[in-house]
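K.L.:
For reference, the sequence and a predicted model appear below.
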Amino acid sequence: MKKNIVVICLLLIALTVSAQSKKMTTYSGMITGYTTSFGFTTGKLIINNVVTSLHEMYLINIEPSGKFLVTFPLKHNQECWVSLRFFNGPVYFEAGKEVVQNFNLTNTSKISSAFQGAGAVINNDINKVRPALMDYNWNAIYTNIDQLTPGQYKTYFLKMQAHKLAYTDSVAKTAGLNKTAYELARRSIQYNIASNLMSYNEIRESVFRKKHNISFNNREPMLSPVKLRSEYYDFLKALRYNEPKAMISYFYYEFVNKLMFMDLVYDQAGRLDFSKQIALLKTRDTTNEDIKGTIKLLEDQMSHKATAPGALEKARPVVLKKLLNTNIALESDLMYLQSVSSNMDMQKDTLTDAALARLKLKVKNKFLLNDVAALNSSIKQSILNVKNQTGYTDNQVPVTDSARNIFVKLLDKYKGKVVFIDFWATWCVPCLNGMQEIAPLKAELAQNKDVVFLYVTNTSSPEKTYQTMMPGIKGEHYRLPDSQYDYLAKLFKIFSIPHYAIINKRGEIVNDNFQWSQTNQIKQQLMSLMNE
């Protein structure tokens with residue numbers, strides 16, 4: 001008992017240290033030649049946490065003068081993704097310091113940038129080899145790659161990797177590269193190529209859809225996946241494993257995720273097949289809401305390659321040990337902690353003291369536990385914060401005699417107002433990122449009583465998770481039963497989320513699938529309708 005108490009105390013200390021160790025880091029600069037007429041006023045900075053598998057997104061606000069600045073907490077040195085209309089790629093940050101990146105847009109056909117401040121040497125050297133890191137000419141790849149056999153596909157990308165690595169080595173010899181920049185560049189190329197090689201079936205499906213103009217909203221696979229043999233994955237043996245410094249690379253995050261959910265692991269675990277049950281259900285009364293809901297649930301599980309509970313976790317070490325035959329203690333710890341953290345985040349539930357103690361015993365790389373402890377603390381705090389949140393309304397589900405009446409019932413409360421509808425779910429990361437982007441616009445329009453932000457989800461958002469998250473999202477909220485939500489999904493042609501729609505003051509659907517990339521596009525549309 002005393003031993004368990006000591007372990008728990010150590011974890012609580014680690015939690016405190018982790019929370020204190022996040023340092024405020026700054027990304028700033030000037031965009032020469034920028035004007036607001038370009039149509040964008042913000043960018044994004046994305047931090048991927050390879051321990052928890054979670055993302056943090058921060059808005060980069062661009063002033064009319066072209067100056068920009070964003071401050072964010074960073075625990076350790078790592079590459080983060082910067083997304084601007086004219087620049088997309090990883091930037092190396094040192095925790096607690098300022099990175100300055102100045103862009104020149106005077107000649108839009110030849111946009112350039114230079115770094116100052118912390119990490120300037122590394123970032124400027126990475127700039128020298130950025131074409132090798134980021135240029136993949138996907139248009140050419142998409143031309144015929146769906147016709148390639150797995151062997152031809154692998155040869156194609158391995159040749160590309162050899163060319164990119166050779167280019168990096170050439171630049172290192174002629175122009176010189178900082179040791180860290182050189183290492184990051186090579187790792188980025190190898191992790192990116194390896195991720196693409198592990199995505200054979202996904203990319204093949206994507207190419208097929210693009211060629212035949214099939215919507216990506218429809219998640220039903222168009223092609224039967226090709227079963228990849230273990231020999232196909234021999235390229236993985238050329239990579240280095242169990243090296244904590246790999247965590248600095250932005251592309252290591254995706255690599256670990258692909259390794260975690262590679263086809264071989266699913267083959268070993270065994271996918272659940274509900275084809276017979278679905279066929280039987282379809283011979284019955286498919287107008288029955290319960291039967292329809294069951295069919296949809298089973299079809300969704302199959303399309304997402306559902307496996308029996310715990311099957312992936314059991315299959316993964318068996319497959320990777322046989323395939324790699326090397327020490328992957330770090331990668332194994334990361335995969336395990338990602339599973340634990342994803343479940344915590346999805347359920348918005350904390351770990352018990354006993355569960356924290358088990359983590360301590362199971363994980364070999366103890367420094368990784370800080371991130372999970374910090375997540376545990378964050379969820380605990382968010383649960384406590386629910387009591388103090390304002391600006392949201394948890395609405396009762398409207399009583400209707402038919403699911404078809406749900407749209408009218410929903411809008412009854414908002415007659416004479418412009419309504420922005422956000423279809424979302426608690427587990428949908430893009431949904432949450434979108435909400436974060438829209439938050440400043442909602443604050444700006446907070447005093448305007450003629451506009452309503454309406455959030456609609458269904459039972460796929462677990463009740464407990466929903467009740468924890470919803471108070472932090474200002475607006476009107478509804479969690480609908482599947483029958484009502486399915487009618488709205490049909491009405492608004494919802495195949496994936498997030499999905500946005502706009503309703504005018506007369507209760508008419510102005511746009512059933514509103515697309516936006518900058519929040520000023522939302523503002524313009526809403527203001528136009530408010531002034532009608």
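P.N.:
That came in fine, so what should we check first? Numbers count the residues shown, from 1 in each chain.

K.L.:
hey, where'd the helices end up in the stretch 51-200 of the chain?
P.N.:
120-128, 130-134, 138-144, 150-174, 179-197, 200-211 (DSSP state H, counting those that start in this stretch).

K.L.:
Mind putting the ones you listed into a markdown table with mean neighbour count, distance to Leu69 and mean pLDDT?
P.N.:
From N, CA and C alone the C-beta is placed, and that goes for glycine too. Putting the helices of the stretch 51-200 of the chain into a markdown table (neighbours: other C-beta atoms under 10 Å; distance: least, C-beta to C-beta, whole Å; pLDDT from 0 to 100) gives the following:
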| stretch | mean neighbour count | distance to Leu69 | mean pLDDT |
| --- | --- | --- | --- |
| helix 120-128 | 20 | 17 | 95 |
| helix 130-134 | 17 | 23 | 85 |
| helix 138-144 | 12 | 32 | 73 |
| helix 150-174 | 16 | 31 | 94 |
| helix 179-197 | 21 | 24 | 95 |
| helix 200-211 | 17 | 36 | 86 |
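
K.L.:
Out of the ones you listed, which gets nearest to Cys80?
P.N.:
helix 120-128 (11.5 Å; C-beta to C-beta).

K.L.:
Asn242 contacts Ile328, doesn't it?
P.N.:
Yes: with contact defined as C-beta atoms under 8 Å, Asn242 counts as touching Ile328 (6.0 Å).

K.L.:
of those two, who's got more company?
P.N.:
Ile328 (18 against 15; other C-beta atoms under 10 Å).

K.L.:
quick one: contacts for that one?
P.N.:
Listed by C-beta atoms under 8 Å, 6 or more residues apart in numbering, the contact set of Ile328 reads 241-242, 320.

K.L.:
Can you give me the pLDDT of Val318?
P.N.:
Per-residue pLDDT puts Val318 at 90.

K.L.:
Helix, strand, or coil at Ile522?
P.N.:
Using DSSP: H, G, I helix; E, B strand; the rest coil, the structure places Ile522 in helix.

K.L.:
The helices of the stretch 51-200 of the chain: which one's closest to Val419?
P.N.:
helix 200-211 (32.1 Å).

K.L.:
Could you name the helices and strands sitting against the closest one?
P.N.:
helix 138-144, helix 150-174 (3 or more C-beta pairs under 8 Å, 6 or more residues apart in numbering; DSSP states H and E).

K.L.:
Run the chain-centre distance for stretch 43-58.
P.N.:
Relative to its parent chain, stretch 43-58 has a centroid offset of 8 Å by C-alpha atoms, centre = their mean, to the nearest Å.

K.L.:
which parts of that stretch are buried?
P.N.:
Under the neighbour-count criterion of 16 or more other C-beta atoms under 10 Å, stretch 43-58 has 43-45, 47-54, 57-58 buried.

K.L.:
Narrow the contacts of Ile328 to those in helices?
P.N.:
Secondary structure from DSSP state H places Leu320 of the contacts of Ile328 in helices.

K.L.:
Mind putting the helices of the stretch 51-200 of the chain into TSV with distance to Leu337?
P.N.:
Shown next, in TSV, are the helices of the stretch 51-200 of the chain (distance: least, C-beta to C-beta, whole Å):
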stretch	distance to Leu337
helix 120-128	28
helix 130-134	27
helix 138-144	32
helix 150-174	29
helix 179-197	19
helix 200-211	24
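
K.L.:
Need the per-residue pLDDT for Asp285.
P.N.:
Reported pLDDT for Asp285: 65.

K.L.:
Mean confidence (pLDDT) on stretch 36-48, please.
P.N.:
Per-residue scores along stretch 36-48 average to 91.

K.L.:
List of residues touching it?
P.N.:
27, 55-62, 64, 68, 70, 72, 74, 78, 80-85, 105, 250, 253, 437, 517-520.

K.L.:
and it, how far apart are its ends?
P.N.:
30 Å (C-alpha to C-alpha, to the nearest Å).

K.L.:
chain center to it, what's the gap?
P.N.:
17 Å.

K.L.:
Ser332 should be in a helix, yeah?
P.N.:
Yes: counting by three-state DSSP, Ser332 is part of a helix.

K.L.:
would you list every one of the helices in the stretch 351-500 of the chain?
P.N.:
353-362, 369-385, 406-412, 429-444, 463-469, 482-491.

K.L.:
Make CSV out of the ones you listed and add mean pLDDT and mean neighbour count.
P.N.:
Shown next, in CSV, are the helices of the stretch 351-500 of the chain (pLDDT from 0 to 100; neighbours: other C-beta atoms under 10 Å):
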stretch, mean pLDDT, mean neighbour count
helix 353-362, 91, 15
helix 369-385, 90, 18
helix 406-412, 85, 17
helix 429-444, 89, 16
helix 463-469, 88, 16
helix 482-491, 85, 18
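
K.L.:
Out of those, which is closest to Asn504?
P.N.:
Nearest to Asn504, of the helices of the stretch 351-500 of the chain and by C-beta to C-beta, is helix 406-412 at 10.6 Å.

K.L.:
What spatial separation is found between Lys449 and Ser170?
P.N.:
Separation of Lys449 from Ser170 (C-beta to C-beta, to the nearest Å) stands at 63 Å.

K.L.:
Excluding covalently adjacent residues, which one is nearest to Tyr142?
P.N.:
Val207 (5.1 Å; C-beta to C-beta, 6 or more residues apart in numbering).

K.L.:
OK, contacts around the one you found?
P.N.:
141-142, 145-146.

K.L.:
likewise Thr426?
P.N.:
Thr426 neighbours (C-beta under 8 Å, 6+ apart): 346, 348, 457, 461-462, 465-466, 469.

K.L.:
Export the helices and strands packed on helix 200-211 as CSV, with columns for distance to Lys474.
P.N.:
Shown next, in CSV, are the helices and strands packed on helix 200-211 (distance: least, C-beta to C-beta, whole Å):
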stretch, distance to Lys474
helix 138-144, 38
helix 150-174, 45
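
K.L.:
sorry, back to before: between the helices of the stretch 51-200 of the chain, which gets nearest to Leu491?
P.N.:
Among the helices of the stretch 51-200 of the chain, if distance is taken as C-beta to C-beta, the winner is helix 200-211, at 24.4 Å.
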